[in-house]
Structure formats: structure tokens, C-alpha cells
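1. pasting the structure only:
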């Protein structure tokens, strides 16, 4: 399977205004990312609040994004669920609506065995559509082990993995056994430098929602990046509260639109808001 992208992909948040998807803002966001030089866009992932996006909205978002992106860069759609049959339907839907790839997370909550994870992706492979694996144990409650990833990578349509484990031994083994055999993308903004040092194909970033140009600059010169302290500070804020609460808070402080959240997610605490705004003031980004 051909590599779907190299470099930076932004996991876009879903812009919401009055609890409805704000399509004019989504269009602006897509153009901003492309103008900044990102290499792919991910929609309807964790950052996109996919658990609370309705089926009707999902179809509309994909159709709209396909039209807005216009094949300028790859459009990747989050299609992972903890129901294999539903995941297959979502992957087929993304394919039929004109997207370029599906991002499929390890089944969450029901915590399948490693054999179950393999069989889950085996079923998805019948869709004949590029699939990015997504390992994020902090969200799913189960780690997709390296040996399991090796087995899954044998399916023809697997085009890479978004790795969001923070286990450094797991990451080391992943690169040791799969570097050059399967594209590996960093799924934790604060570990991007480490992944690039290890030979990653790129990163799928949350931070690049608000500073895509800076994150792109960093990735092209990560060893000698001129503003690393700023970037590390921004990345550190992401852990203050659950994603995408913080990235939408940053966007709100910077005057961007569509920053509402859907329950059960709620606005950032006053403490988190003040910490971020004070830093932005110090950096001259807001008054």
C-alpha cells in the first residue's frame, strides 16, 4: 500500500456554533491549514469530537470537506469504533464519499485481546481502502502490541500507524521492528521530535490547529528549530484537560470561531483558561 502522506497532518477540531457544525468556519480552517503547508488533514477523529457527531452530520462533514479540500492534500477520516461491523460501514462510507484514507483506532472500552484486534483490522481490510492504524492506550484501555502491529501490517491496505503510546520501550520496539516496513506517525505532539529522530514518516498533530505554520517549520528543521521553547509550552498545555477542550480553548482565546464543545465535554476550567491566556499575552498573541 502506497504511503498516504509524509510530514504534517492536522487533526482538526470540529467547529461548532450554537451546537451545530459551522461549515463556513470549517472551510476557513481547511484553507488555513493548506496555506500553511500541512501535508494532510484528519477529520472526525478524537480531536473532532467524533463520539458526539451524528450519522447525518458525519456524511455532511465528509462531503463538505471533500469539496473544500479539492484533492489538494489527502483527506483522512476517523472511522474507528469499538464495533467492527460499524467500523467497516464507516470506512466504506468514507471511501464512497471521496475521502483518501481512514484512521481506525484500536477498539475501545470492550478491550479485545490481541487476536481480536488482528481480526478487527482483518475485517476492515475487505473495504479495499487505505487504513491508518491508531494506537492510543490512554483512550482505548488496551495497547496494540508491536507483534500485533506486525501481523496487521501484512494486510494489503494498511498504509501506516498513528502511534500515541507514551511507553518509550514500546516506541523503541516499534521503530526497531517496523521502520522502513510501515510508515509510523507520531500521535503525541510532545513526542514529535523523538519520533522524527527515530525516522518517523511524520506526525498527526493537535497543536497545529492553531499554529500550523510553526509546527510545519519545526518538522522541517526539528533539530535546530529556533522557537522550541514556545512550541514545547503550547504542547504542554494540551495535558491540562481532555482533548479537544484545551485546543478549542486556545482557539477561543486567539479569537477563532466554532470553539463550542458538545457534552459530555465542557469548557476549560478558569484556571486552565488563565494559564493559557497569560502565556499568549506574554508572547504578544493577544492583548
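-> Everything's here; your move. Keep in mind that what you see is a predicted model, and the values were worked out from it rather than measured.

2. where does residue 203 fall, phi/psi-wise?
-> phi -150, psi 150 (degrees, to the nearest 10).

3. That one contacts residue 10, correct?
-> No - judged on Cβ atoms under 8 Å, residue 203 makes no contact with residue 10 at a distance of 9.6 Å. Using the backbone N, CA and C atoms, a C-beta is placed for each residue, glycine as well.

4. so where's the stretch 1-150 of the chain uncertain?
-> 1 (pLDDT under 70).

5. What are the boundaries of the strands in it?
-> 7-11, 16-17, 20-21, 40-43, 75-78, 101-105, 131-135 (DSSP state E, counting those that start in this stretch).

6. which residues sit against stretch 179-189?
-> If you take Cβ atoms under 8 Å, 6 or more residues apart in numbering as the criterion, stretch 179-189 is touched by 3-4, 6, 9, 132, 134-136, 149, 153, 158-164, 166, 174-175, 178, 192, 194-196, 198-207, 235, 238.

7. Could you tell me how far that stretch lies from the centre of the chain?
-> Its chain's C-alpha centre and that of stretch 179-189 lie 13 Å apart, by Cα atoms, centre = their mean, to the nearest Å.

8. What's the end-to-end length of it?
-> 20 Å (Cα to Cα, to the nearest Å).

9. Likewise for stretch 229-247?
-> OK, stretch 229-247 end separation, Cα to Cα: 18 Å.

10. so how far is that stretch from its chain's centroid?
-> 14 Å.

11. Show me which positions of it end up buried.
-> Judged by neighbour count using 16 or more other Cβ atoms under 10 Å, the buried positions of stretch 229-247 are 230-231, 234-235, 237-238, 240-241, 243-247.

12. picking that back up, reformat the strands of the stretch 1-150 of the chain as JSON lines; add mean neighbour count and distance to residue 30.
-> Output for the strands of the stretch 1-150 of the chain, formatted as JSON lines (neighbours: other Cβ atoms under 10 Å; distance: least, Cβ to Cβ, whole Å):
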{"stretch": "strand 7-11", "mean neighbour count": "26", "distance to residue 30": "9"}
{"stretch": "strand 16-17", "mean neighbour count": "17", "distance to residue 30": "16"}
{"stretch": "strand 20-21", "mean neighbour count": "14", "distance to residue 30": "13"}
{"stretch": "strand 40-43", "mean neighbour count": "26", "distance to residue 30": "6"}
{"stretch": "strand 75-78", "mean neighbour count": "26", "distance to residue 30": "9"}
{"stretch": "strand 101-105", "mean neighbour count": "27", "distance to residue 30": "16"}
{"stretch": "strand 131-135", "mean neighbour count": "26", "distance to residue 30": "19"}
